[in-house]
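Engineer: Sharing a model that was predicted from the sequence below.
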Amino acid sequence: MQRLLFLMLTLVVSAFPLTAKAWWQADWNFRKQISVDTTAQAGAINDNVGRVPLLVRLHTGNFAFDGVNENGSDLRFVASDDKTVLNHQIESFDPLLGMALVWVDIPEVVGAQRQDIWMYYGNQQAPATSNGQLAFDPNYTLVYHFNGAPDAPPRDATAYSNHAQTAPNGLVDGVIGRAAQFSGGAPLMLPASPSMALPSAGAFTFSAWVRADQPAGTQLVYARRDGGNSLLIGLDNGVPFVEVSGQRSQPGQPLSPAAWQHLAVTADGRQVVLYVNGQPAATLGVSLPALNTVAAIGGNVPGAAAAVPAAAPAEGDAATAVPAADAQAAAPVAPAVVYTPFIGAIDEIRISKIARPAAVIRADALAQGAESRLVAYGADEEQSGFGFGGLGYLLNAVPLDAWIVIAVLVFMMIQSWVVMISKNRKVARVEEGNARFRQAFSKVGNRLEMLMDDAALKGALGEAPLWRLYEVAVNELRVRRAQGADTSSISGATIEAIRASMDAVRTREAQTLGRRMGVLSNAIAGGPYIGLLGTVLGIMVVFLGTAMAGDVNINAIAPGMAAALLATAMGLFVAIPALFGYNRLQGRNKDVGADMRVFVDEFVTRLAEVHGESQVAEIARAA
């Protein structure tokens with residue numbers, strides 16, 4: 001029994017550190033679990049995404065902004081191994097408004113799998129480590145977040161410093177923080193730097209969030225021209241298209257007006273693919289020409305001549321499309337294309353010198369939207385004085401009324417364990433003493449009083465109930481002998497009287513063995529109910545607080561619900577060991593009781609054999 005209790009205690013103590021993974025560094029007081037979920041229930045991306053800058057969108061619904069520095073300088077992102085620190089860039093951080101946008105460089109996002117990272121915070125002395133040049137891989141040649149001043153040209157977040165040459169018409173609320181507004185004025189001009197140069201048949205990726213407020217006419221989102229070569233990405237009456245040197249993609253579904261949608265174009269030297277909201281929308285079987293000039297966002301390149309309408313490629317055979325020059329010769333009276341200014345907003349512009357895989361485009365569209373299906377946020381954990389990580393955070397969330405219930409349960413647990421340990425030791429001594437007495441009594445034979453005068457044996461068998469039964473029976477004989485009775489011939493009535501005395505002692509011994517077993521019964525029956533009471537009270541408090549706050553979200557109620565359930569778990573933790581201990585002790589007590597009953601029958605039988613009245617008469621007749 002002692003070994004069983006010790007094993008249970010060891011398991012409980014060893015389970016505490018397993019409630020959370022190892023803490024990254026002790027200087028950070030808090031952390032938050034963030035999951036990247038590509039399974040069918042979330043992002044539904046089966047292909048491996050690879051390295052991707054992941055948007056972590058913090059708001060009051062998933063983050064309390066308590067304990068974090070005002071500028072977010074103490075934010076650190078660590079991989080699931082709690083060792084690898086991930087690069088990140090803070091686009092915006094406002095704890096007063098309860099909003100933050102952080103880009104985290106995830107080295108490997110695996111398809112159809114859920115993987116976790118940790119966001120650590122709560123270190124007032126931590127220096128700022130936000131760096132967009134590290135958060136975005138070197139294949140990104142331009143990244144605009146539009147998080148600067150409204151009248152300043154957007155700045156490039158990558159290491160190439162491809163800052164815009166002009167400022168947008170203004171800034172508005174975008175799908176990610178702030179976005180560039182376009183109201184029909186001059187386009188946003190991008191530099192013609194060496195890192196932006198595009199070789200012939202080179203690889204390229206463009207992506208942005210687009211909101212077309214007035215999708216009428218032919219509007220350009222991205223334009224780049226170099227002599228007779230061109231790369232145009234735009235909307236034709238709301239229908240997105242990509243055009244390479246006069247060859248335009250087949251029309252698809254129009255974009256929803258005045259709604260944010262993700263638009264991307266990739267080129268790998270063999271084909272050009274247009275994506276809308278992460279899904280392929282059109283394909284051109286051409287390669288990109290060499291382009292080394294400036295580019296425009298939200299309009300045509302200034303000074304570019306109006307273009308002749310491109311001949312639409314044949315269905316399923318883009319490579320046979322008629323070049324623009326041939327089309328113009330065949331139909332010299334065709335009107336030139338007039339590009340109307342883009343009216344709307346554009347956010348999170350990115351240009352890469354590689355063709356990003358389709359899985360990356362889909363991951364960007366899923367993760368960057370207002371309701372991300374790719375990123376899930378867990379509960380905040382505190383490195384509390386309890387030192388148990390997630391368990392410490394849970395204990396800190398327990399309200400006062402639940403603590404009172406838990407304190408009662410802890411008292412019951414300590415009381416039941418003390419009873420189990422003490423009773424187990426007591427029964428062990430009883431069993432050992434009974435075994436020694438039976439060994440000595442087996443040598444008595446017809447001399448039933450032989451052991452009574454052995455002082456050493458009496459001292460050694462003080463814990464044995466069988467000795468006390470033997471002692472009271474011999475004392476009954478000697479008392480009768482001292483009163484002048486003939487104990488050599490004992491009547492049946494006298495034998496029954498001696499049995500009654502032994503039964504009385506046996507009953508008292510059984511009562512002694514069963515004493516305080518009611519404590520275990522109370523723990524077994526009452527522990528779960530008391531724990532359930534604490535859970536009900538805790539859930540009532542959680543729902544009441546949620547109703548008063550008027551904000552229903554899982555992150556607000558989850559800590560309180562978990563803390564309330566802790567009371568029920570504590571009640572079960574009290575009852576289950578008590579149940580095992582009670583059954584074990586009851587079984588051993590029954591064994592001791594059976595030994596006493598057998599000894600009473602054995603001693604009375606021997607007494608009748610040696611001193612019984614019928615035995616004396618039989619001896620007399622034989623003489």
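Structural biologist: Nice, I can see it.
Engineer: Could you use CA atoms for every contact and neighbour count after this?
Structural biologist: Will do.
Engineer: give me the low-pLDDT residue ranges for the stretch 451-600 of the chain?
Structural biologist: 548-556, 559 (pLDDT under 70).
Engineer: Tell me which helix or strand in this structure has the weakest average pLDDT.
Structural biologist: helix 324-330 (a mean of 43; mean pLDDT, DSSP states H and E).
Engineer: Give the pairing partners of the following helix or strand past it; include direction for each.
Structural biologist: Downstream of helix 324-330, the first helix or strand assigned by DSSP states H and E is strand 343-352. In the sheet, strand 343-352 lines up against strand 140-144 (antiparallel), strand 178-183 (antiparallel), strand 204-212 (antiparallel) (DSSP bridges).
Engineer: So what touches the helix or strand just after strand 343-352?
Structural biologist: The first helix or strand that comes after strand 343-352 along the chain, using DSSP H and E, is helix 358-368. Under the contact criterion Cα atoms under 8 Å, 6 or more residues apart in numbering, helix 358-368 has outside partners 43, 45, 47-50, 52, 54-55, 175-176, 262, 264, 275, 277-279, 372-375.
Engineer: How about stretch 206-219?
Structural biologist: 175, 234-238, 255-266, 298-299, 338-352.
Engineer: May I have the distance across that stretch, first residue to last?
Structural biologist: With Cα to Cα, to the nearest Å as the measure, stretch 206-219 spans 17 Å from end to end.
Engineer: What mean pLDDT does it get?
Structural biologist: The average pLDDT within stretch 206-219 is 95.
Engineer: now the strands: where do they sit in the stretch 201-350 of the chain?
Structural biologist: Here the stretch 201-350 of the chain has its strands, by DSSP state E, counting those that start in this stretch, at 204-212, 218-226, 229-236, 239-244, 247-248, 261-267, 272-276, 279-284, 295-297, 343-352.
Engineer: Tabulate the ones you listed (JSON lines), appending mean neighbour count.
Structural biologist: JSON lines is the format used below for those (neighbours: other Cα atoms under 10 Å):
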{"stretch": "strand 204-212", "mean neighbour count": "24"}
{"stretch": "strand 218-226", "mean neighbour count": "23"}
{"stretch": "strand 229-236", "mean neighbour count": "21"}
{"stretch": "strand 239-244", "mean neighbour count": "23"}
{"stretch": "strand 247-248", "mean neighbour count": "24"}
{"stretch": "strand 261-267", "mean neighbour count": "26"}
{"stretch": "strand 272-276", "mean neighbour count": "23"}
{"stretch": "strand 279-284", "mean neighbour count": "20"}
{"stretch": "strand 295-297", "mean neighbour count": "25"}
{"stretch": "strand 343-352", "mean neighbour count": "24"}
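Engineer: so where's the stretch 101-250 of the chain uncertain?
Structural biologist: Within the stretch 101-250 of the chain, no stretch has pLDDT under 70.
Engineer: Do a quick rundown of the helices in it.
Structural biologist: 132-135 (DSSP state H, counting those that start in this stretch).
Engineer: Can you tell me the centre-most residue of this protein?
Structural biologist: Gly378 (5.7 Å; Cα atoms, centre = their mean).
Engineer: Apart from its neighbours in sequence, what residue is nearest it?
Structural biologist: Leaving aside its chain neighbours, Gly378 sits nearest to Gln33 (4.8 Å; criterion: Cα to Cα, 6 or more residues apart in numbering).
Engineer: Sheet-wise, list the partners of the helix or strand where the one you found lies with their directions.
Structural biologist: In the assignment (DSSP H and E), Gln33 maps to strand 30-37. If you go by DSSP bridges, strand 30-37 pairs up with strand 114-121 (antiparallel), strand 375-382 (antiparallel).
Engineer: so the last one versus helix 358-368, what angle?
Structural biologist: To tie it back to what came earlier, the one meant is strand 375-382. If you take axes from the mean of the first three to the mean of the last three Cα atoms, to 10 degrees, strand 375-382 sits at 60 degrees to helix 358-368.
Engineer: tell me the mean pLDDT for the strand holding Gln33?
Structural biologist: On average, strand 30-37 scores 94.
Engineer: before we move on, the earlier item: would you turn the strands paired with strand 30-37 into CSV with distance to Phe182?
Structural biologist: Converted to CSV, those look like this (distance: least, Cα to Cα, whole Å):
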stretch, distance to Phe182
strand 114-121, 36
strand 375-382, 30
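Engineer: Give me the buried entries from the contacts of helix 358-368.
Structural biologist: Neighbour-count burial (16 or more other Cα atoms under 10 Å) applied to those gives 43, 45, 48-49, 52, 54-55, 175-176, 262, 264, 275, 277-279, 372-375.
Engineer: ok, longest helix in the protein?
Structural biologist: The longest helix of the chain (DSSP state H) is helix 554-611.
Engineer: what's the spacing between that helix and its chain's center?
Structural biologist: 37 Å (Cα atoms, centre = their mean, to the nearest Å).
Engineer: elements contacting it?
Structural biologist: When contacts are defined as 3 or more Cα pairs under 8 Å, 6 or more residues apart in numbering; DSSP states H and E, helix 554-611 packs onto strand 375-382, helix 390-396, helix 400-441, helix 465-482, helix 492-514, helix 517-549.
Engineer: so which of those gets nearest Ala563?
Structural biologist: helix 390-396 (5.9 Å; Cα to Cα).
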